[in-house]
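Visitor: I need the structure of the sequence given here:
(one chain, ligands or ions: 1)
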Amino acid sequence: QPMSVEVKHLMKQYGIQLAVNDISFKLNKGEITGFLGPNGAGKSTTMKMITGYLQPDGGTVLVNGMDVQRQPIDVKKSIGYLPESNALYYEMYVSEYLYFVAGIKRLTQKWKHIKNAITLTGLELEKNKKIGQLSKGYKQRVGLAAALINQPDVLILDEPTSGLDPNQIIEIRNVIKQQGTDKTVLFSSHTLQEVNAVCDRAIIIHEGKVVANDTLQNLQHQKNDVATVLISFREKHLSVEQLQFNCVDKVEMLAPGHFKLFTQQEQLVRKNLLAFALQENLNIISLQSEQQSLEEVFRRLTAGS
Ligand code: ADP
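Guide: Numbering: from 1, shown residues only. Next up is the predicted model:
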(Lines give C-alpha, C1' and ligand atoms only; values in the text may rest on other atoms or scores of the structure.)
Protein backbone atom coordinates (compact mmCIF):
# COMPACT_ATOMS: atom_id res chain seq x y z
CA GLN A 1 0.00 0.00 0.00
CA PRO A 2 1.41 3.40 -0.90
CA MET A 3 1.87 5.51 2.18
CA SER A 4 0.49 9.01 1.72
CA VAL A 5 0.61 10.72 5.10
CA GLU A 6 3.46 10.35 7.49
CA VAL A 7 3.40 12.03 10.89
CA LYS A 8 6.72 11.98 12.69
CA HIS A 9 7.27 12.95 16.32
CA LEU A 10 4.69 15.70 16.34
CA MET A 11 4.64 17.96 19.38
CA LYS A 12 2.38 20.79 20.41
CA GLN A 13 2.31 22.66 23.64
CA TYR A 14 -0.29 25.21 24.76
CA GLY A 15 1.35 27.18 27.55
CA ILE A 16 2.54 24.53 29.93
CA GLN A 17 0.15 21.93 28.59
CA LEU A 18 1.48 19.29 26.22
CA ALA A 19 -1.49 18.70 23.94
CA VAL A 20 0.40 16.48 21.48
CA ASN A 21 3.33 14.60 22.88
CA ASP A 22 5.46 12.83 20.27
CA ILE A 23 2.84 11.41 17.96
CA SER A 24 3.91 9.34 14.96
CA PHE A 25 1.88 7.30 12.49
CA LYS A 26 1.40 6.59 8.80
CA LEU A 27 -1.77 6.62 6.75
CA ASN A 28 -2.28 4.53 3.64
CA LYS A 29 -4.16 5.26 0.49
CA GLY A 30 -7.47 3.47 0.21
CA GLU A 31 -7.75 3.13 3.95
CA ILE A 32 -10.10 4.90 6.36
CA THR A 33 -8.34 5.38 9.65
CA GLY A 34 -10.28 6.22 12.77
CA PHE A 35 -8.60 8.71 15.05
CA LEU A 36 -9.98 7.87 18.39
CA GLY A 37 -9.58 9.26 21.84
CA PRO A 38 -11.49 10.89 24.67
CA ASN A 39 -12.19 14.60 24.53
CA GLY A 40 -9.04 16.58 25.04
CA ALA A 41 -6.76 13.74 23.89
CA GLY A 42 -5.20 15.90 21.16
CA LYS A 43 -7.09 14.79 18.04
CA SER A 44 -8.03 18.23 16.72
CA THR A 45 -4.62 19.64 17.48
CA THR A 46 -2.95 16.82 15.53
CA MET A 47 -5.32 17.26 12.59
CA LYS A 48 -4.69 21.00 12.47
CA MET A 49 -0.96 20.32 12.26
CA ILE A 50 -1.42 17.71 9.51
CA THR A 51 -3.41 20.18 7.44
CA GLY A 52 -0.98 23.02 8.03
CA TYR A 53 -3.39 25.21 10.00
CA LEU A 54 -1.27 25.03 13.13
CA GLN A 55 2.50 25.10 13.44
CA PRO A 56 3.93 22.18 15.42
CA ASP A 57 6.46 22.80 18.17
CA GLY A 58 8.33 19.76 16.95
CA GLY A 59 8.18 16.96 14.43
CA THR A 60 7.18 16.82 10.79
CA VAL A 61 4.25 15.90 8.62
CA LEU A 62 4.72 14.59 5.10
CA VAL A 63 1.78 14.49 2.72
CA ASN A 64 2.56 12.62 -0.48
CA GLY A 65 6.18 13.17 0.41
CA MET A 66 5.82 16.94 0.82
CA ASP A 67 6.64 18.61 4.11
CA VAL A 68 3.64 20.56 5.38
CA GLN A 69 5.81 23.30 6.83
CA ARG A 70 7.96 23.73 3.74
CA GLN A 71 5.28 23.36 1.07
CA PRO A 72 2.06 24.43 2.81
CA ILE A 73 0.30 25.50 -0.40
CA ASP A 74 1.08 22.29 -2.28
CA VAL A 75 0.03 20.20 0.68
CA LYS A 76 -3.26 22.08 1.07
CA LYS A 77 -3.99 21.32 -2.59
CA SER A 78 -3.93 17.60 -1.93
CA ILE A 79 -5.86 17.75 1.35
CA GLY A 80 -9.56 18.14 2.06
CA TYR A 81 -10.15 19.25 5.62
CA LEU A 82 -13.39 19.37 7.54
CA PRO A 83 -12.71 21.18 10.81
CA GLU A 84 -14.58 20.28 13.96
CA SER A 85 -16.65 23.42 14.19
CA ASN A 86 -16.96 24.17 10.53
CA ALA A 87 -17.92 27.77 9.91
CA LEU A 88 -20.44 28.13 7.11
CA TYR A 89 -22.01 31.30 5.74
CA TYR A 90 -25.69 30.86 6.48
CA GLU A 91 -26.75 33.69 4.18
CA MET A 92 -25.06 32.09 1.18
CA TYR A 93 -26.70 29.64 -1.17
CA VAL A 94 -25.09 26.21 -1.28
CA SER A 95 -23.70 26.51 -4.80
CA GLU A 96 -22.70 30.12 -4.18
CA TYR A 97 -20.73 29.02 -1.11
CA LEU A 98 -19.04 26.22 -3.03
CA TYR A 99 -18.13 28.69 -5.77
CA PHE A 100 -16.61 30.89 -3.09
CA VAL A 101 -14.60 27.93 -1.72
CA ALA A 102 -13.49 26.96 -5.22
CA GLY A 103 -12.23 30.53 -5.59
CA ILE A 104 -10.28 30.43 -2.34
CA LYS A 105 -8.74 27.16 -3.44
CA ARG A 106 -7.91 28.78 -6.78
CA LEU A 107 -9.50 26.02 -8.81
CA THR A 108 -9.87 26.29 -12.52
CA GLN A 109 -13.06 24.89 -14.09
CA LYS A 110 -14.88 25.80 -10.89
CA TRP A 111 -18.36 24.62 -11.93
CA LYS A 112 -17.07 21.23 -12.95
CA HIS A 113 -15.61 20.77 -9.49
CA ILE A 114 -18.70 22.17 -7.77
CA LYS A 115 -20.98 19.84 -9.69
CA ASN A 116 -18.81 16.89 -8.79
CA ALA A 117 -18.75 17.80 -5.08
CA ILE A 118 -22.53 18.28 -5.06
CA THR A 119 -23.04 14.86 -6.62
CA LEU A 120 -20.66 13.15 -4.21
CA THR A 121 -22.41 14.57 -1.17
CA GLY A 122 -25.97 14.24 -2.42
CA LEU A 123 -26.74 17.96 -2.43
CA GLU A 124 -28.52 18.20 -5.80
CA LEU A 125 -31.87 19.13 -4.30
CA GLU A 126 -30.36 21.59 -1.85
CA LYS A 127 -27.88 23.41 -4.06
CA ASN A 128 -30.16 26.40 -4.55
CA LYS A 129 -31.12 26.77 -0.89
CA LYS A 130 -29.54 29.03 1.65
CA ILE A 131 -27.16 27.17 3.95
CA GLY A 132 -29.01 28.53 6.97
CA GLN A 133 -32.18 26.77 5.82
CA LEU A 134 -30.60 23.33 5.74
CA SER A 135 -30.82 20.68 8.44
CA LYS A 136 -27.72 20.00 10.48
CA GLY A 137 -26.96 16.89 8.46
CA TYR A 138 -27.15 18.79 5.19
CA LYS A 139 -25.03 21.62 6.58
CA GLN A 140 -22.43 18.99 7.31
CA ARG A 141 -22.71 17.74 3.74
CA VAL A 142 -21.95 21.26 2.56
CA GLY A 143 -18.83 21.18 4.74
CA LEU A 144 -17.89 17.85 3.21
CA ALA A 145 -18.56 19.14 -0.29
CA ALA A 146 -16.22 22.07 0.43
CA ALA A 147 -13.57 19.65 1.68
CA LEU A 148 -13.97 17.47 -1.44
CA ILE A 149 -14.18 20.23 -4.00
CA ASN A 150 -10.51 20.15 -5.01
CA GLN A 151 -10.71 16.35 -5.40
CA PRO A 152 -8.04 15.85 -2.76
CA ASP A 153 -6.49 12.45 -2.24
CA VAL A 154 -6.21 12.98 1.49
CA LEU A 155 -9.28 13.73 3.62
CA ILE A 156 -8.98 14.91 7.20
CA LEU A 157 -12.34 14.92 8.92
CA ASP A 158 -12.65 16.17 12.48
CA GLU A 159 -15.68 14.62 14.17
CA PRO A 160 -17.74 14.78 10.98
CA THR A 161 -20.88 13.27 12.49
CA SER A 162 -20.98 14.96 15.87
CA GLY A 163 -24.33 16.53 16.65
CA LEU A 164 -26.18 14.70 13.88
CA ASP A 165 -29.21 12.47 14.35
CA PRO A 166 -28.86 8.72 13.69
CA ASN A 167 -30.14 8.87 10.11
CA GLN A 168 -27.90 11.77 9.24
CA ILE A 169 -24.98 9.96 10.83
CA ILE A 170 -25.52 6.96 8.58
CA GLU A 171 -25.78 9.16 5.50
CA ILE A 172 -22.58 11.03 6.25
CA ARG A 173 -20.81 7.76 7.06
CA ASN A 174 -21.83 6.40 3.67
CA VAL A 175 -20.40 9.41 1.90
CA ILE A 176 -17.16 8.94 3.81
CA LYS A 177 -17.00 5.23 3.12
CA GLN A 178 -17.42 5.89 -0.56
CA GLN A 179 -14.62 8.42 -0.48
CA GLY A 180 -12.41 6.02 1.42
CA THR A 181 -12.14 3.55 -1.42
CA ASP A 182 -9.58 5.59 -3.35
CA LYS A 183 -8.46 8.22 -0.84
CA THR A 184 -6.56 8.43 2.39
CA VAL A 185 -9.03 9.29 5.11
CA LEU A 186 -8.39 10.23 8.71
CA PHE A 187 -11.60 10.46 10.66
CA SER A 188 -11.71 11.54 14.27
CA SER A 189 -14.29 10.52 16.78
CA HIS A 190 -14.62 10.09 20.50
CA THR A 191 -17.01 7.18 20.09
CA LEU A 192 -16.14 3.67 19.21
CA GLN A 193 -19.29 2.65 17.41
CA GLU A 194 -18.47 5.31 14.90
CA VAL A 195 -14.98 4.09 14.21
CA ASN A 196 -16.23 0.54 14.21
CA ALA A 197 -18.83 1.35 11.56
CA VAL A 198 -16.58 3.21 9.17
CA CYS A 199 -12.92 2.45 9.60
CA ASP A 200 -10.44 -0.21 8.64
CA ARG A 201 -7.88 0.85 11.18
CA ALA A 202 -7.86 2.83 14.38
CA ILE A 203 -5.26 4.99 15.99
CA ILE A 204 -6.16 5.52 19.62
CA ILE A 205 -4.63 8.50 21.38
CA HIS A 206 -4.69 9.43 25.01
CA GLU A 207 -3.16 12.49 26.64
CA GLY A 208 -1.31 13.42 23.48
CA LYS A 209 0.23 9.99 22.90
CA VAL A 210 -0.58 7.10 20.60
CA VAL A 211 -1.66 4.14 22.74
CA ALA A 212 -2.76 1.83 19.92
CA ASN A 213 -2.49 1.70 16.15
CA ASP A 214 -3.90 -1.39 14.54
CA THR A 215 -6.65 -2.84 12.41
CA LEU A 216 -10.00 -3.02 14.17
CA GLN A 217 -9.86 -6.76 13.93
CA ASN A 218 -6.53 -6.95 15.73
CA LEU A 219 -7.62 -4.45 18.35
CA GLN A 220 -10.62 -6.57 19.09
CA HIS A 221 -8.50 -9.65 19.55
CA GLN A 222 -5.92 -7.85 21.62
CA LYS A 223 -7.20 -9.45 24.78
CA ASN A 224 -6.06 -9.31 28.29
CA ASP A 225 -4.20 -12.50 29.04
CA VAL A 226 -7.27 -13.74 30.84
CA ALA A 227 -10.39 -14.87 29.04
CA THR A 228 -13.67 -15.36 30.81
CA VAL A 229 -16.10 -18.18 30.27
CA LEU A 230 -19.70 -17.83 31.39
CA ILE A 231 -21.70 -20.96 32.07
CA SER A 232 -25.24 -21.51 33.31
CA PHE A 233 -26.59 -24.85 34.52
CA ARG A 234 -30.19 -25.75 35.08
CA GLU A 235 -29.06 -27.30 38.39
CA LYS A 236 -28.73 -24.72 41.13
CA HIS A 237 -26.81 -26.75 43.70
CA LEU A 238 -23.33 -26.59 42.14
CA SER A 239 -20.49 -25.09 44.11
CA VAL A 240 -17.53 -22.99 43.03
CA GLU A 241 -15.17 -25.80 44.08
CA GLN A 242 -16.68 -28.27 41.62
CA LEU A 243 -15.71 -26.03 38.68
CA GLN A 244 -12.22 -25.30 39.90
CA PHE A 245 -10.39 -27.28 37.20
CA ASN A 246 -6.62 -27.08 36.87
CA CYS A 247 -6.79 -24.76 33.90
CA VAL A 248 -9.13 -22.35 35.68
CA ASP A 249 -7.55 -19.45 37.53
CA LYS A 250 -10.62 -18.39 39.42
CA VAL A 251 -14.33 -19.17 39.62
CA GLU A 252 -17.08 -16.78 40.64
CA MET A 253 -20.69 -17.69 41.31
CA LEU A 254 -22.86 -14.96 39.77
CA ALA A 255 -26.10 -16.61 40.95
CA PRO A 256 -27.01 -20.20 41.82
CA GLY A 257 -26.17 -22.26 38.74
CA HIS A 258 -24.43 -19.32 37.01
CA PHE A 259 -20.65 -19.11 37.02
CA LYS A 260 -17.89 -17.02 35.61
CA LEU A 261 -14.53 -18.72 35.06
CA PHE A 262 -11.29 -16.87 34.50
CA THR A 263 -8.67 -18.69 32.48
CA GLN A 264 -5.81 -18.43 30.06
CA GLN A 265 -6.91 -21.59 28.30
CA GLU A 266 -10.41 -20.90 27.17
CA GLN A 267 -10.76 -23.87 24.82
CA LEU A 268 -9.62 -26.32 27.45
CA VAL A 269 -12.02 -24.88 30.01
CA ARG A 270 -14.94 -25.28 27.63
CA LYS A 271 -13.98 -28.91 27.01
CA ASN A 272 -13.68 -29.58 30.74
CA LEU A 273 -17.05 -28.02 31.40
CA LEU A 274 -18.75 -30.15 28.76
CA ALA A 275 -17.07 -33.31 30.07
CA PHE A 276 -18.03 -32.39 33.61
CA ALA A 277 -21.67 -31.80 32.66
CA LEU A 278 -21.80 -35.10 30.81
CA GLN A 279 -20.25 -37.02 33.67
CA GLU A 280 -22.50 -35.47 36.33
CA ASN A 281 -25.56 -35.56 34.10
CA LEU A 282 -26.03 -31.78 34.33
CA ASN A 283 -27.96 -29.56 31.93
CA ILE A 284 -26.08 -26.64 30.46
CA ILE A 285 -28.38 -23.73 29.61
CA SER A 286 -25.69 -21.59 28.10
CA LEU A 287 -21.96 -21.51 27.66
CA GLN A 288 -20.16 -18.52 26.27
CA SER A 289 -16.75 -16.97 26.27
CA GLU A 290 -16.60 -13.28 26.79
CA GLN A 291 -14.99 -11.59 23.85
CA GLN A 292 -13.33 -8.43 24.84
CA SER A 293 -15.24 -5.74 23.02
CA LEU A 294 -13.59 -2.86 21.26
CA GLU A 295 -15.26 -0.70 23.89
CA GLU A 296 -13.28 -2.49 26.58
CA VAL A 297 -10.03 -2.18 24.66
CA PHE A 298 -10.66 1.53 24.28
CA ARG A 299 -11.53 1.99 27.94
CA ARG A 300 -8.54 0.03 29.08
CA LEU A 301 -6.17 2.01 26.86
CA THR A 302 -7.55 5.41 27.75
CA ALA A 303 -8.48 4.93 31.39
CA GLY A 304 -7.05 7.33 33.94
CA SER A 305 -3.47 8.46 33.73
P1 ADP B 1 -9.46 16.54 21.10
O2 ADP B 1 -9.63 17.00 19.71
O3 ADP B 1 -8.93 15.15 21.21
O4 ADP B 1 -10.70 16.72 21.93
P5 ADP B 1 -7.75 18.86 21.34
O6 ADP B 1 -6.66 18.66 20.35
O7 ADP B 1 -8.86 19.77 20.98
O8 ADP B 1 -8.32 17.44 21.78
O9 ADP B 1 -7.12 19.38 22.69
C10 ADP B 1 -6.02 18.78 23.33
C11 ADP B 1 -5.71 19.55 24.60
O12 ADP B 1 -5.20 20.82 24.27
C13 ADP B 1 -6.93 19.78 25.45
O14 ADP B 1 -6.58 19.63 26.80
C15 ADP B 1 -7.32 21.21 25.15
O16 ADP B 1 -7.92 21.81 26.28
C17 ADP B 1 -6.00 21.85 24.82
N18 ADP B 1 -6.16 22.91 23.81
C19 ADP B 1 -6.65 22.77 22.56
N20 ADP B 1 -6.61 23.94 21.88
C21 ADP B 1 -6.09 24.85 22.72
C22 ADP B 1 -5.78 26.24 22.61
N23 ADP B 1 -5.99 26.93 21.47
N24 ADP B 1 -5.25 26.84 23.70
C25 ADP B 1 -5.01 26.17 24.83
N26 ADP B 1 -5.26 24.86 25.01
C27 ADP B 1 -5.80 24.20 23.96
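
Visitor: which ones are touching the residue nearest the centre of the chain?
Guide: For the chain, G34 is the residue whose C-alpha lies nearest the centre (CA atoms, centre = their mean; 2.7 Å). Under the criterion of CB atoms under 8 Å, 6 or more residues apart in numbering, the neighbours of G34 are 187-189, 194-195, 198-199, 201-203, 216. No exception for glycine: its C-beta is placed from N, CA and C like everyone else's.

Visitor: Which one of those is nearest to the ligand?
Guide: S188 (6.6 Å; CB to the nearest ligand atom).

Visitor: could you redo the contacts of G34 as a markdown table and give each row secondary structure, distance to the ligand and pLDDT?
Guide: Listed next are those as a markdown table, based on DSSP: H, G, I helix; E, B strand; the rest coil; distance: CB to the nearest ligand atom, whole Å; pLDDT from 0 to 100:
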| residue | secondary structure | distance to the ligand | pLDDT |
| --- | --- | --- | --- |
| F187 | strand | 13 | 93 |
| S188 | strand | 7 | 94 |
| S189 | strand | 10 | 89 |
| E194 | helix | 14 | 84 |
| V195 | helix | 13 | 87 |
| V198 | helix | 18 | 89 |
| C199 | coil | 16 | 91 |
| R201 | strand | 18 | 92 |
| A202 | strand | 14 | 93 |
| I203 | strand | 12 | 95 |
| L216 | helix | 19 | 84 |
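
Visitor: Kindly state the beta-bridge partners for T263.
Guide: Beta-bridge pairing for T263 (DSSP bridges): A227, V248.

Visitor: burial count for it?
Guide: 22 (other CB atoms under 10 Å).

Visitor: List the contacts of it.
Guide: 226-229, 247-249, 269.

Visitor: Format the residues you listed as CSV; extra columns: pLDDT and neighbour count.
Guide: Shown next, in CSV, are those (pLDDT from 0 to 100; neighbours: other CB atoms under 10 Å):
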residue, pLDDT, neighbour count
V226, 65, 13
A227, 77, 19
T228, 84, 20
V229, 91, 23
C247, 88, 14
V248, 91, 19
D249, 86, 15
V269, 92, 25
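
Visitor: can you list the weak-confidence ranges in the stretch 101-250 of the chain?
Guide: The stretch 101-250 of the chain contains residues with pLDDT under 70 at 221-226.

Visitor: ok, back up a step: would JSON lines of the contacts of G34 with neighbour count be doable?
Guide: Below are the contacts of G34 laid out as JSON lines (neighbours: other CB atoms under 10 Å):
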{"residue": "F187", "neighbour count": "27"}
{"residue": "S188", "neighbour count": "26"}
{"residue": "S189", "neighbour count": "24"}
{"residue": "E194", "neighbour count": "20"}
{"residue": "V195", "neighbour count": "26"}
{"residue": "V198", "neighbour count": "24"}
{"residue": "C199", "neighbour count": "24"}
{"residue": "R201", "neighbour count": "21"}
{"residue": "A202", "neighbour count": "26"}
{"residue": "I203", "neighbour count": "25"}
{"residue": "L216", "neighbour count": "18"}
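
Visitor: one step back: does the residue nearest to the centre of the chain lie in a helix or a strand, and which?
Guide: Following DSSP states H and E, one finds G34 within strand 32-36.

Visitor: What residues does G122 make contact with?
Guide: By CB under 8 Å, 6+ apart, the residues touching G122 are 141, 171, 175.

Visitor: Who wins on neighbours among those?
Guide: Neighbour-wise, the contacts of G122 (other CB under 10 Å) top out at R141, 25 neighbours.

Visitor: Quick one: residues contacting the residue lying closest to that one once chain neighbours are set aside.
Guide: Distances taken as CB to CB, 6 or more residues apart in numbering put T121 closest to R141, at 4.4 Å, once the chain neighbours are dropped. Neighbouring residues of T121 by CB under 8 Å, 6+ apart: 141-142, 144-145, 148, 175.
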